[in-house]
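1. just to be clear, the model below is a prediction. Sequence and coordinates:
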Amino acid sequence: MKNNSISRIRNYILIISILTVLISFKSSNQWSTLPIGNDLLWWIIQAIFIYILFKIKNHFSNPSIETNLKYINIYLIWNVICIVRGAFIAENYWEWKFLIAHGFLLLLPLIVYLAKSFKSVLIIVKTWFQYGLILFIFFSPFLWGDAVGKFLIPISFLLLFLPVLNTKWKFIVIIFSVYAITFDITARSNVIKFIVPFMISCLYYLKNIIHIRVFNLIRLLLLFIPFILLLLGLIGIFNVFKLDEYLGEQKTKTISITGEKGEENLTSDTRTFLYIEVIESALKHDYVLFGRTPARGNDSNLFGDYNKETLKIGKQERFSNEVSILNIFTWLGIIGVIIYFLIFYKSSYLAINDSNNIFIKLIGINVSFRWTYGFVEDFSNFDLSNIFLWLMIGMCFSKTFRQMSNSQMKNWILSIFDIKKKYPRSLLKPIRPSN
């Protein structure tokens, strides 16, 4: 019976791994001339994904010894409450549609429990590099804009471990990273999401001379600087998004669209008006504390007309924005933002202050960066970017990952590329209380 249970869990993890590879296409569909699937297909895939995570959650968790995961539990409970509230206020097809799509996304943190097992994360990442990378090569001719970076998110994850990869995989990771960055330099999010992990990985070479206080300083700066910049922007002292004003000149790039050349301003402010619309909408409709639920969006003068007139929603709203923290605020309110922040704070704290290896510390820094970047962009989609974000958060929470030595983590990383290597099923055994 026990062997059957372990075999079933392994099969579930393999299914999650395969679905993760498929979600690579959903991640890049918006920028593809050959889009795969439709909303119904992706809802089915996401529903299976979430169902399996819920089904195997207890296998990888034990509340009696995992008090740190209380933040994940509280966040998931609050998300479910907001989803249920959304079901009571949704009034039309579009509101129900986005309630379903956003609901799946808000349940994605369930993958944190799976990520506590180094074997589970290994299977997911290994499967993607076995099949996802090959699929990318075949489908890359149909991709444009942000698609390349969205599809290659697992490559940016591996950049964190670049110093210990063998020569072959260093070359492969660097080549694909450079391709993702240079494919469309105007896709600023891709550039940042690949360059930052590379910069973080360089800290590996300083592991013997950098004191843990330095890691903590970097972590705290990344976690709290968004609040400082937000406050400075609100009181009119400094707006980080108005770079062109402070630089004194516009940074542009020549682009070609359907044969016509033009200039794109890379420092233009495309975020301030989003903050203004989201905050004014929350104040006007009094949902600052509890949110408007994932069925609704914020009032928008710039984007709302299309939804109101063309989609016949009857409301001048935008269901989601490019800035993920604005979506968390709109859907879940200040309560949701606070719980969300505590997850990043606690996971990065454990990664840096309670781990035996440099690699989890690097992941902790990257998780802190993703919190900061959530104030700039980071789309709120059920995609590879968010899957790997929650996997990294799960690795930070994982006592197993944190207890590994540098050499053990190095072996784990290198085993991603060892296709033939098998692992004993005992690695999937449930967590038991320890003395």
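-> Received, thanks.
2. number of nearby residues for Ser166?
-> To be clear, residue 166 is Asn; Ser isn't right here. Asn166 has 10 neighbours, counted by other C-beta atoms under 10 Å. C-beta coordinates here come from the backbone N, C-alpha and C atoms, glycine included.
3. no, scratch that, I was asking about Leu41
-> 12.
4. repeat for Arg318
-> Arg318 has 21 neighbouring residues, counting by other C-beta under 10 Å.
5. ok, it - contacts?
-> By C-beta atoms under 8 Å, 6 or more residues apart in numbering, Arg318 lies in contact with Glu277, Gly297, Asn298, Ser300, Phe303, Gly304, Asn307.
6. lowest average confidence, helix or strand, in the chain?
-> Ranked by mean pLDDT, DSSP states H and E, the weakest helix or strand in the chain is strand 252-257, scoring a mean of 40.
7. residue contacts, Arg129?
-> Let me fix one detail, which is that residue 129 is Phe and not Arg. Contact analysis of Phe129 by C-beta under 8 Å, 6+ apart lists Pro154, Ile416, Phe417.
8. next step: these restricted to helices.
-> Residues of the contacts of Phe129 located in helices (DSSP state H): Pro154.
9. now render the contacts of Phe129 as JSON lines, adding distance to Asn321, pLDDT and neighbour count.
-> As requested, the contacts of Phe129 are arranged in JSON lines below (distance: C-beta to C-beta, whole Å; pLDDT from 0 to 100; neighbours: other C-beta atoms under 10 Å):
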{"residue": "Pro154", "distance to Asn321": "26", "pLDDT": "97", "neighbour count": "25"}
{"residue": "Ile416", "distance to Asn321": "34", "pLDDT": "92", "neighbour count": "23"}
{"residue": "Phe417", "distance to Asn321": "38", "pLDDT": "88", "neighbour count": "17"}
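10. so where is the chain shaky, pLDDT-wise?
-> Segments of the chain classed as low confidence (criterion: pLDDT under 70) are 1-4, 62-66, 241-269, 419-435.
11. ranges for the strands of this protein?
-> For the chain, the strands defined by DSSP state E occupy 252-257, 260-265, 298-299, 317-318.
12. grab the nearest non-local neighbour of the residue most central in space within the chain.
-> Residue closest to the average C-alpha location in the chain (C-alpha atoms, centre = their mean): Asn386, at 2.5 Å. Residue nearest to Asn386 in three dimensions, not counting chain neighbours: Leu108, with 6.0 Å by C-beta to C-beta, 6 or more residues apart in numbering.
13. show me what contacts the one you found?
-> Residues in contact with Leu108 (C-beta under 8 Å, 6+ apart) are Ile50, Phe382, Asn386, Ile387, Trp390.
14. at 10 Å what do you get?
-> By C-beta atoms under 10 Å, 6 or more residues apart in numbering, the contact list for Leu108 reads 46, 49-50, 53, 76, 79, 381-383, 386-387, 389-390.
15. in ChimeraX, how would I select the buried members of those?
-> In ChimeraX, this line selects whichever of the contacts of Leu108 come out buried by 16 or more other C-beta atoms under 10 Å:
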select :46,49,50,53,76,79,381,382,383,386,387,389,390
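16. dump the residue contacts of the residue nearest to Phe54 when sequence neighbours are not counted.
-> In space, and not counting its chain neighbours, Phe54 is closest to Leu110: 6.0 Å by C-beta to C-beta, 6+ apart. Each residue near Leu110 by C-beta under 10 Å, 6+ apart is listed here: 49-57, 72, 76, 390, 394.
17. apply 7 Å and report the result again.
-> Contact analysis of Leu110 by C-beta atoms under 7 Å, 6 or more residues apart in numbering lists Ile50, Leu53, Phe54, Lys57, Leu76.
18. okay, stretch 327-341 in PDB with CA atoms only?
-> The C-alpha trace of stretch 327-341 is given here as PDB (Å, rounded to 0.1, in the frame of the first residue of the first chain):
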ATOM      1  CA  ASN A 327      -3.400  43.600  -9.100                       C
ATOM      2  CA  ILE A 328      -2.900  42.100  -5.600                       C
ATOM      3  CA  PHE A 329      -4.100  45.400  -4.100                       C
ATOM      4  CA  THR A 330      -7.100  45.600  -6.400                       C
ATOM      5  CA  TRP A 331      -8.200  42.000  -5.900                       C
ATOM      6  CA  LEU A 332      -7.200  41.400  -2.300                       C
ATOM      7  CA  GLY A 333      -6.900  44.800  -0.700                       C
ATOM      8  CA  ILE A 334      -4.300  46.000   1.800                       C
ATOM      9  CA  ILE A 335      -4.900  42.800   3.800                       C
ATOM     10  CA  GLY A 336      -3.800  40.800   0.800                       C
ATOM     11  CA  VAL A 337      -0.700  43.000   0.100                       C
ATOM     12  CA  ILE A 338       0.400  42.700   3.800                       C
ATOM     13  CA  ILE A 339       0.100  38.900   3.800                       C
ATOM     14  CA  TYR A 340       1.800  38.700   0.300                       C
ATOM     15  CA  PHE A 341       4.700  40.900   1.700                       C
END
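19. contacts for that stretch next, please.
-> With C-beta under 7 Å, 6+ apart as the test, stretch 327-341 has contacts from 71, 74-75, 78-79, 82, 102, 278, 287-294, 297-298, 320-321, 325, 380.
20. grab the longest helix from the chain for me.
-> The chain, longest helix under DSSP H: helix 324-353.
21. ok, the residue lying closest to Trp144 once chain neighbours are set aside to Val148 distance?
-> Leaving out its chain neighbours, the residue that sits closest to Trp144 by C-beta to C-beta, 6+ apart is Trp31, at 5.4 Å. When distance is defined by C-beta to C-beta, to the nearest Å, Trp31 is 8 Å away from Val148.
22. and what of Glu95?
-> 33 Å.
23. now do Asp354
-> Distance of Asp354 to Val148, given as C-beta to C-beta: 36 Å.
24. more neighbours: those two, which one.
-> Neighbour count, other C-beta under 10 Å: between Asp354 and Val148, Val148 has more, with 22 against 14.
25. just read off the phi/psi values of Thr33.
-> Note on Thr33: its backbone torsions stand at phi -80, psi 0 [degrees, to the nearest 10].
26. that one: what's it in contact with?
-> Each residue near Thr33 by C-beta under 7 Å, 6+ apart is listed here: Phe142.
27. Val376 now?
-> Neighbouring residues of Val376 by C-beta under 7 Å, 6+ apart: Arg271, Val323.
28. can you tell me, leaving aside adjacent residues, what's nearest to Phe98?
-> Closest to Phe98 by C-beta to C-beta, 6+ apart is Phe319, at 4.5 Å.
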